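Trainee: what's the 3D shape of this:
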Amino acid sequence: MRPPKVRPALLATHTGLPHEAGLDEAGRGCLAGPVFAAAVILPPGFAPPLLHDSKQLSARQREQLRPLICAEAVAWAVGEATVEEIGALNIAQASYLAMHRAVAALAVPPAHLLVDGNRFRPLAGYAHTCLVGGDGRYRSIAAASILAKTFRDERMAALAEQYPAYGWAQNAGYPTAAHRAAIRAHGPTPLHRPGFRLL
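Mentor: Numbering: from 1, shown residues only. Sure thing, here's the model as predicted:
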């Protein structure tokens, strides 16, 4: 019997500056719905045992962490870019726009931005660092990944009530076999992303 996999402890800071904000997005690879991003500034001692990259957590664990992050964070905010903006800008630029909106909505100005991934569109007035796999290395980015994911999943579940055939409450707009089968059977909705390969 193999021992359980031990996750490395997440780091509190990259720069050592106070009010460092973690940024991450959710929904970039989806066929439908908006793309969401979150920005989170955590206090130095915030390290709940479950905190990790949202992709490594169950839906229940993410939902347990979300209110804790919102209650304990120095500041947090969520931004989004619409399906229309994704079509007009492309998904990468729309993701940056959602991140910029999240940063702009923070109640406390961040001293530095830690961005999950290898690219970011610079935001005037803010220094940033891109970190591949940052959501599995830094607490603030992990927290941002959880908020972006849970708020977007919540939105997609609400949109599923308008378009119940596509299973968005379960697949959140990602390209599952069932989602593609529903597109094949019923055609795309106005919330399916223009320019994406739906089938």
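
Trainee: Which strand or helix spans Gly79?
Mentor: strand 75-81 (DSSP states H and E).

Trainee: Okay, buried residues for the helix or strand following that strand please.
Mentor: As assigned by DSSP H and E, the chain's next helix or strand after strand 75-81 is helix 83-89. If you call a residue buried by 16 or more other C-beta atoms under 10 Å, then helix 83-89 has these buried ones: Val83, Glu85, Ile86. All C-beta spots, glycine's among them, are computed from the backbone N, C-alpha and C.

Trainee: Same check on stretch 157-168?
Mentor: Leu159, Ala160, Tyr163, Tyr166, Gly167, Trp168.

Trainee: send the alpha carbons of the strand holding Gly79 over as CSV?
Mentor: Extracted in CSV, the C-alpha atoms of strand 75-81 (Å, rounded to 0.1, in the frame of the first residue of the first chain):
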residue,chain,number,x,y,z
ALA,A,75,-8.8,42.1,0.6
TRP,A,76,-10.3,40.0,-2.2
ALA,A,77,-12.2,40.6,-5.4
VAL,A,78,-13.5,38.7,-8.4
GLY,A,79,-13.7,40.0,-12.0
GLU,A,80,-15.1,38.6,-15.2
ALA,A,81,-15.0,39.0,-19.0
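
Trainee: Leu97 and Glu84 touch, don't they?
Mentor: No. Leu97 lies out of contact with Glu84 (C-beta atoms under 8 Å); the separation is 11.8 Å.

Trainee: Identify, from the buried residues of helix 83-89, the entry nearest to Ala102.
Mentor: Glu85 (14.4 Å; C-beta to C-beta).

Trainee: Check what pLDDT that closest one gets.
Mentor: With respect to pLDDT, Glu85 has a value of 98.

Trainee: what sits against it?
Mentor: Ala94, Leu97 (C-beta atoms under 8 Å, 6 or more residues apart in numbering).

Trainee: one step back: possible to save the buried residues of helix 83-89 as JSON lines with distance to Gly45?
Mentor: Converted to JSON lines, the buried residues of helix 83-89 look like this (distance: C-beta to C-beta, whole Å):
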{"residue": "Val83", "distance to Gly45": "40"}
{"residue": "Glu85", "distance to Gly45": "37"}
{"residue": "Ile86", "distance to Gly45": "38"}
